[in-house]
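In: Okay, predicted coordinates and the sequence, questions at the end:
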There are 2 protein chains.
Amino acid sequence: MVTSMSIRLPASARREQLLEVALQVFARQGYHGASMNDVADAAGVTKPVVYQHFDSKRDLYLALLDAVGERLLTAIYTATAGATSGKHVTELGFQAYFRWVAHDHDAFLLLFGGGGKADDEFNDAVRKVTAQVAESIKPLIAADIDPEHQRTLAHALVGIAEGASRRLVDNGTDFDPDLLARQVSDMAWAGLRAVSRPPTAAGSNPDSPRRIRRASTR
Amino acid sequence: MVTSMSIRLPASARREQLLEVALQVFARQGYHGASMNDVADAAGVTKPVVYQHFDSKRDLYLALLDAVGERLLTAIYTATAGATSGKHVTELGFQAYFRWVAHDHDAFLLLFGGGGKADDEFNDAVRKVTAQVAESIKPLIAADIDPEHQRTLAHALVGIAEGASRRLVDNGTDFDPDLLARQVSDMAWAGLRAVSRPPTAAGSNPDSPRRIRRASTR
DNA sequence: CATAGAGGTGACCATAGGGTAATCGTGGCG
DNA sequence: CGCCACGATTACCCTATGGTCACCTCTATG
């Protein structure tokens, strides 16, 4: 979309456009499924133009991964900045995530849509993002449990967001990010609280000592 | 591994070996990163042999995806078959999943390691697996909430398993699947319980999520 | 209006890799 | 002991595509 068709553009603008267009192309066709020609075509230019702005296909992809990861992270950071309670942070965090998915659809696909990696450097870029999200989540988790356990749960939370999103994105369903955030964060927060409660009880075994045994059931 | 180096093998055995070897190769190098020659080499044969057993690269990959998904599903099904309480099912389910990851390492990578898809058919195969896992999880979730909400939570649970696993696998860390299952299922189950009934004890938040959130929207 | 230089192009190279055709060799069977 | 069929190989084709080079064409500027 936007401008196109062999219209002359100042370098910086062209670069932006290429990034924008490349995101769409890669998100839809994956790294290997999309050729540099595809990108160029989508931008209404020819291949050499792309190479005037990016050294290689990898370079372009990496730049994209970077930009896109940055967007997600800042979205989450700014959203949760003003929150007070842990529960509030949780909900705002998920909200930011799901809003990002809903709005920056292609970005989600690029990062988590299995677009085609199999490359250490690409994996690192993605891992770095999830790790940072996880890191920002860690404070929500009771500080009195094993750090490794903390990390596990943090990554589990990231997984929640990813899992919930993927289904909707794959499905093509339109969804209300805020509703989703409420539903999911309710579950997540309750889960986190429950974990923080019992005095660690590390190494609990089959003959579990005492967990919170809230009778009820169903 | 196993036999190799130009040793003659009966067709069915060779086929099995090829599947086994191809799993490793694809898991490590991704779909595009691995050539049919790579697969053949890893099996100690030449390309045409591979093509005698599989029509195309896609075909081979699809067969792999299928086999591997099947393994995960049956692992979960059989593991949770004898469970009684919801909590028990949850823990056994996660246990089966994490054991599968720990043991069938390459399988996890193939399915969820972003090995390189960008292909609708491949995506379908993977989606089918997660969908089935999610389906098997759904009964754990309160039946009195919106079905769509149920599905969301089910997929969120799958995301938990995936997120927790990915970190460890990417990290190369060795881990104890059973411990992980306990940690994670504690959180997950608590989360599920909280959703199924009005906020348990402890002051929740203002806009308490009444049990039935038949949030119209969409 | 000449011109420099940035923006852009067409044509091309080189190689990887999916897929196939023709051929070989060996072990079991009559 | 010969032969056939199955397992395997060598050699090859051909398309797609990452990447480059030489050249063109606007437009701003003196």
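Out: That came in fine, so what should we check first?

In: What pLDDT is listed against A:Arg28?
Out: For A:Arg28, the pLDDT comes out at 93.

In: Kindly report the residues of chain A close to DNA strand D.
Out: A:8, A:32, A:34-37, A:47-48, A:51, A:55-58 (Cβ under 7 Å from any atom of the strand). Quick note: C-beta positions are derived from backbone N, CA and C, even for glycine.

In: Select only the buried ones of those in PyMOL?
Out: Here is the PyMOL selection string for the buried members of those, based on 16 or more other Cβ atoms under 10 Å in any protein chain shown:
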select buried, chain A and resi 32+34+36+57
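
In: Report the two of the residues of chain A next to DNA strand D separated the most.
Out: The most widely separated members of these, counting by Cβ to Cβ, are A:Arg8 and A:His32 (31.3 Å).

In: Output the residues of chain A next to DNA strand D as a markdown table; include the columns secondary structure and distance to DNA strand C.
Out: Shown next, in a markdown table, are the residues of chain A next to DNA strand D (DSSP: H, G, I helix; E, B strand; the rest coil; distance: Cβ to the nearest atom of the strand, whole Å):
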| residue | secondary structure | distance to DNA strand C |
| --- | --- | --- |
| A:Arg8 | coil | 4 |
| A:His32 | helix | 10 |
| A:Ala34 | coil | 16 |
| A:Ser35 | coil | 11 |
| A:Met36 | helix | 10 |
| A:Asn37 | helix | 9 |
| A:Lys47 | helix | 6 |
| A:Pro48 | helix | 4 |
| A:Tyr51 | helix | 8 |
| A:Asp55 | coil | 15 |
| A:Ser56 | coil | 14 |
| A:Lys57 | helix | 13 |
| A:Arg58 | helix | 14 |
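
In: CSV for the residues of chain A next to DNA strand D, including distance to A:Ala134 and pLDDT?
Out: CSV is the format used below for those (distance: Cβ to Cβ, whole Å; pLDDT from 0 to 100):
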residue, distance to A:Ala134, pLDDT
A:Arg8, 45, 91
A:His32, 28, 94
A:Ala34, 29, 96
A:Ser35, 34, 97
A:Met36, 34, 98
A:Asn37, 38, 98
A:Lys47, 39, 98
A:Pro48, 41, 97
A:Tyr51, 36, 98
A:Asp55, 31, 97
A:Ser56, 30, 98
A:Lys57, 29, 97
A:Arg58, 26, 97
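
In: residue ranges with poor pLDDT in chain A?
Out: Residues of chain A meeting the criterion pLDDT under 70: A:1-6, A:116-117, A:197-218.

In: can we see that at 80?
Out: A:1-6, A:114-118, A:196-218 (pLDDT under 80).

In: So which bits of chain A are right by DNA strand C?
Out: Counting by Cβ under 7 Å from any atom of the strand, chain A sits next to DNA strand C at A:6-11, A:14, A:44-49, A:52.

In: Of these, just say which sits nearest to DNA strand D.
Out: Distance to DNA strand D, by Cβ to the nearest atom of the strand, is smallest for A:Pro48 among the residues of chain A next to DNA strand C, at 3.8 Å.

In: before we move on, back to that, can you pick the most crowded of the residues of chain A next to DNA strand C?
Out: The residue in the residues of chain A next to DNA strand C with the most neighbours, by other Cβ atoms under 10 Å in any protein chain shown, is A:Val45 (22 neighbours).

In: Please report how far that one lies from A:Leu9.
Out: In this view, A:Val45 and A:Leu9 are 9 Å apart by Cβ to Cβ, to the nearest Å.

In: Please apply the same query to A:Ala181.
Out: For A:Ala181 relative to A:Leu9 (Cβ to Cβ), the value is 38 Å.

In: cool, A:Asp170 as well?
Out: 35 Å.

In: Please apply the same query to A:Lys47.
Out: Distance of A:Lys47 to A:Leu9, given as Cβ to Cβ: 16 Å.

In: cool, and A:Leu153?
Out: For A:Leu153, the distance to A:Leu9 - Cβ to Cβ - is 47 Å.

In: re earlier: tell me which of the residues of chain A next to DNA strand C fall in helices.
Out: A:11, A:14, A:47-49, A:52 (DSSP state H).

In: farthest pair in those residues?
Out: Among these, A:Ala11 and A:Lys47 lie farthest apart (Cβ to Cβ), at 16.6 Å.

In: Which residues are in contact with the nearest residue to A:Ala27 once chain neighbours are set aside?
Out: Counting by Cβ to Cβ, 6 or more residues apart in numbering or on different chains, A:Asp106 is the residue found nearest to A:Ala27 once chain neighbours are left out, at 3.6 Å. For A:Asp106, the contact set (Cβ atoms under 8 Å, 6 or more residues apart in numbering or on different chains) comprises A:23-24, A:27-28.

In: need those residues in CSV with secondary structure and neighbour count, can you?
Out: Converted to CSV, the contacts of A:Asp106 look like this (DSSP: H, G, I helix; E, B strand; the rest coil; neighbours: other Cβ atoms under 10 Å in any protein chain shown):
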residue, secondary structure, neighbour count
A:Leu23, helix, 23
A:Gln24, helix, 18
A:Ala27, helix, 22
A:Arg28, helix, 17
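
In: And those residues, which is closest to chain B?
Out: A:Arg28 (8.5 Å; Cβ to the nearest Cβ).

In: and that closest one, how far is that from B:Ala67?
Out: Taking Cβ to Cβ, one finds A:Arg28 at 28 Å from B:Ala67.

In: Can you give me the distance of A:His88 to B:Arg167?
Out: A:His88 is 26 Å from B:Arg167, by Cβ to Cβ.

In: Give me the more crowded residue out of these two.
Out: Legend: neighbour count by other Cβ under 10 Å for A:His88 and B:Arg167, higher for B:Arg167 (22 against 15).

In: Pretty sure the more buried one sits against A:Thr152.
Out: Yes - with contact defined as Cβ atoms under 8 Å, B:Arg167 and A:Thr152 form a contacting pair (7.3 Å).

In: Who are the contact partners of A:Ala154?
Out: A:134-135, A:137-138, A:141 are the contacts of A:Ala154 under Cβ under 8 Å, 6+ apart.

In: change it to 7 Å
Out: A:134, A:137-138, A:141 (Cβ atoms under 7 Å, 6 or more residues apart in numbering or on different chains).

In: neighbours around A:Asp176, how many?
Out: A:Asp176 - counted by other Cβ under 10 Å - has 15 other residues nearby.

In: what's the closest of the contacts of A:Asp106 to A:Asn123?
Out: Using Cβ to Cβ, A:Ala27 comes nearest to A:Asn123 of the contacts of A:Asp106, at 17.3 Å.
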